[in-house]
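Visitor: Predicted structure and sequence below. I'll ask about it afterward.
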Amino acid sequence: MQSSEERREVITVRHLWAGYDGEQVLEDVNLSVYEGDFIGLIGPNGGGKTTLLRVLLGLLPPTRGRVEIMGRPVREGRRMVGYVPQVVEFDREFPISVWDVARMGRLGERRLLQPYTAEDDELVAEALREVELYDMRQRPIGELSGGQRQRAYIARALATQPKVLLLDEPTSSVDPQVSTGIYELLRGLNEKVTILLVSHDMNVISSYVKTVGCLNRHLFYHGEKEITADMLELAYQCPVDLIAHGVPHRVFAQHAHDGSQEGEG
Amino acid sequence: MIEALLEALQFSFMRHALAAGVLVSVACGIVGTFVVIKRIVFISGGIAHAAYGGIGLGYFFRYSLLPVLFAESAATADQRPGSWPLLGAILFSLLAAVIMGLIQRRTRQRVDTIIGVVWAIGMAIGIIFVDLSAGYKVDLMSYLFGSILAVERSELWVILGLDVVIAALVALFYKELLAISFDETFATVENVPVDALYVGLLCLIALTVVMMMRVVGLIMVIAMLTMPAAIAARFVKDMKRMMVVSIVLGMAFIVVGLWLSYVWNLTSGASIILVSGVAYLLSLAAGPLRQWALRRVPGT
């Protein structure tokens, strides 16, 4: 493992195999996420994106392999992860305010029977300001638009004071304009926090993230900005489709990336 | 009407019934809120019906085992089942809650199947035990359809005690219960003991269900548990307020239902349920009606 900079390894995945009921969804996945990274993993539906996140969050024990967060086993290390779930259709009637959603980010720091503190409130307020939802904090979450709800979840993740943000399809249920806004926000946040996101939407992802990888059972990630034709073909097995969708030229940028990072191959 | 009400209050059974209704509404509103927002109405139904197994066990214990164990007590004049059926119901409903919670969490069984199985097995056990018990099976129906008019003073204290316990537990674990209701995955990642809290919540439901059995009977318990909370959910968007509104609505429905049952000499449990049901249907209609009314107002 070599890195040209002295950056700390936030997430370590070594020879990971994982799946359900004996069927492997992930095979021999290796990944190193370093402090300051902004990684986008793309892949087809069913390619194991969600499974990888579940393993990283300690929700699914791996079949084989080693997974660590900040050098600790996931069940401990996940305290340093800010998880942003996919905004799926949920119970719009759920009686909860934006503030109360964001404050859940402080749960990990407060034991049972221990009330939230003024410091918690301060951190929650800060997180909400960061995503520009502070003025809407008293609104019921069900009244928010898809993009606003996504930002509320990001605020909740930020309130955990994470070392790394894990996002599952951050723009799956919003229109392109809103999704641009979310990626702008993430790019800003990346100055302070490491980000790893998974998505099937490579068009937007590739213009904002620092490095990309492809995940389809195997992970093709070499710490590079460009998605190579090989990676795509390996991951999707149908490159034509992707070209038809118009991959932004930045993905195929001619200039080599600054190469600050070298994957372990 | 008013005279009828005042006249009714002359009877101590009526005063006890009103007090029981008001007290039960507190637990019902708090727990019902979770039942509705966490969408576990039918798990609650399963718990309620499984409680019947405990009632049967209570009868069996009272009429077949106790007389054998203590021959002399069988000779006493008191042939009432005492608190044995109620104790049995508490035991069985808690057991059903824990079993359903654990199976649901630890295995990949389908939830609705587990509910159906526990629901039916509980009832079957109750029926068989009642068959096996010797003696009188007088107020068996009261557990199915409620017997709020037969509540005794001592029971009011038990209900009050359970109210305090339920309110205190929910207050103490409020932030975690809110979190597991809203987003269990996130709560898990934050290392909240999600499974234990969930099973604990089911146990609170079990206790509430047994209390409410007295008021509306176990068959109609889920309706009473859900309707006030479901109406409240349509008008308030905060869980604490939803609990308060549910409690107030529950009290109103029970008082009105009880009064109607007195005036027209109807079964109290069913009257209460129908009052709640009418209110619920009206609340459903409220939204469309308001829109219709707004459309009727000439636009500016």
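Guide: Thanks, I have it.
Visitor: Which pLDDT value goes with A:Val204?
Guide: Each residue has a pLDDT score; the one for A:Val204 is 64.
Visitor: Please, where are all the helices along the stretch 1-150 of chain B?
Guide: Assigned by DSSP state H, counting those that start in this stretch, the stretch 1-150 of chain B shows helices spanning B:2-9, B:12-37, B:41-60, B:66-69, B:71-74, B:84-106, B:111-132, B:140-145.
Visitor: again with chain A
Guide: A:49-56, A:74-77, A:98-103, A:118-130, A:146-159, A:176-189, A:202-208, A:229-236, A:239-244 (DSSP state H).
Visitor: for chain A, what are the nearby residues on chain B?
Guide: Counting by Cβ under 8 Å from any Cβ of the partner chain, chain B comes close to chain A at B:37, B:39, B:172-173, B:175-176, B:178-179, B:181-183, B:185-193, B:233-234, B:236-239, B:241-242. C-beta coordinates here come from the backbone N, C-alpha and C atoms, glycine included.
Visitor: Please flag which of these sit within helices.
Guide: B:37, B:172, B:175-176, B:178-179, B:181-182, B:185-189, B:233-234, B:239, B:241-242.
Visitor: Filter these down to the buried ones and hand me the PyMOL line.
Guide: The PyMOL command for the buried members of those (criterion: 16 or more other Cβ atoms under 10 Å in any protein chain shown) is given here:
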select buried, chain B and resi 37+175+176+178+179+181+182+186+187+188+189+233+239+242
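Visitor: need the contact list for B:Val215.
Guide: Residues counted as contacts of B:Val215 (Cβ atoms under 8 Å, 6 or more residues apart in numbering or on different chains) are B:Ala20, B:Gly21, B:Val24, B:Gly146, B:Ile148, B:Met224, B:Ile254, B:Ser268, B:Gly269, B:Ile272.
Visitor: So it versus chain A, what's the distance?
Guide: Distance from B:Val215 to chain A, counting by Cβ to the nearest Cβ, to the nearest Å: 25 Å.
Visitor: residues contacting the closest residue to that residue other than its chain neighbours?
Guide: Leaving aside its sequence neighbours, B:Val215 sits nearest to B:Ile148 (Cβ to Cβ, 6 or more residues apart in numbering or on different chains; 4.7 Å). By Cβ under 8 Å, 6+ apart, the contact list for B:Ile148 reads B:Ala17, B:Ala20, B:Gly21, B:Arg214, B:Val215, B:Val216, B:Ile254, B:Leu258, B:Ser268, B:Gly269, B:Ile272.
Visitor: Now name the helix or strand holding the last one.
Guide: Read that as B:Ile272. Assessed by DSSP states H and E, B:Ile272 sits inside helix B:268-296.
Visitor: List the buried residues in that helix.
Guide: B:Ser268, B:Gly269, B:Ala270, B:Ser271, B:Ile272, B:Ile273, B:Leu274, B:Val275, B:Ser276, B:Ala279, B:Tyr280, B:Ser283.
Visitor: and these as a markdown table, adding distance to A:Ile205 and pLDDT?
Guide: Converted to a markdown table, those look like this (distance: Cβ to Cβ, whole Å; pLDDT from 0 to 100):
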| residue | distance to A:Ile205 | pLDDT |
| --- | --- | --- |
| B:Ser268 | 62 | 91 |
| B:Gly269 | 58 | 91 |
| B:Ala270 | 59 | 92 |
| B:Ser271 | 60 | 94 |
| B:Ile272 | 56 | 95 |
| B:Ile273 | 54 | 95 |
| B:Leu274 | 56 | 96 |
| B:Val275 | 56 | 97 |
| B:Ser276 | 51 | 96 |
| B:Ala279 | 50 | 96 |
| B:Tyr280 | 46 | 96 |
| B:Ser283 | 45 | 94 |
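Visitor: Chain B versus A:Gly105, what's the distance?
Guide: Taking Cβ to the nearest Cβ, one finds A:Gly105 at 8 Å from chain B.
Visitor: Can you tell me how far A:Arg217 is from chain B?
Guide: Taking Cβ to the nearest Cβ, one finds A:Arg217 at 23 Å from chain B.
Visitor: quick revisit: so which of the helices of the stretch 1-150 of chain B comes closest to A:Met70?
Guide: The closest of the helices of the stretch 1-150 of chain B to A:Met70 is helix B:84-106. By Cβ to Cβ, the value is 28.7 Å.
Visitor: And that closest one, what does it pack against?
Guide: Helices and strands touching helix B:84-106, by 3 or more Cβ pairs under 8 Å, 6 or more residues apart in numbering or on different chains; DSSP states H and E, are helix B:41-60, helix B:111-132, helix B:194-216.
Visitor: Pick the most deeply packed of the ones you listed.
Guide: Between those, helix B:41-60 has the highest mean count of neighbours, a mean of 27, where neighbours are mean count of other Cβ atoms under 10 Å in any protein chain shown.
Visitor: what angle separates that helix from helix B:84-106?
Guide: For helix B:41-60 against helix B:84-106, the angle by axes from the mean of the first three to the mean of the last three Cα atoms, to 10 degrees is 140 degrees.
Visitor: what's the spacing between helix B:41-60 and its chain's center?
Guide: Mean-position distance between helix B:41-60 and its chain equals 11 Å (Cα atoms, centre = their mean, to the nearest Å).
Visitor: With just CA atoms, put it into CSV.
Guide: Output of helix B:41-60 as CSV, limited to C-alpha atoms (Å, rounded to 0.1, in the frame of the first residue of the first chain):
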residue,chain,number,x,y,z
VAL,B,41,-51.3,-2.4,13.7
PHE,B,42,-51.6,-6.1,12.9
ILE,B,43,-48.8,-7.2,15.2
SER,B,44,-50.8,-5.5,17.9
GLY,B,45,-53.9,-7.5,16.8
GLY,B,46,-51.8,-10.6,17.0
ILE,B,47,-50.8,-9.7,20.6
ALA,B,48,-54.4,-9.0,21.5
HIS,B,49,-55.8,-12.3,20.3
ALA,B,50,-52.9,-14.3,21.6
ALA,B,51,-53.8,-12.9,25.0
TYR,B,52,-56.9,-15.1,24.9
GLY,B,53,-54.7,-18.1,25.4
GLY,B,54,-53.7,-16.6,28.7
ILE,B,55,-57.3,-16.0,29.7
GLY,B,56,-58.0,-19.7,29.0
LEU,B,57,-55.0,-20.6,31.0
GLY,B,58,-56.2,-18.4,33.8
TYR,B,59,-59.6,-20.1,33.9
PHE,B,60,-58.0,-23.6,33.8
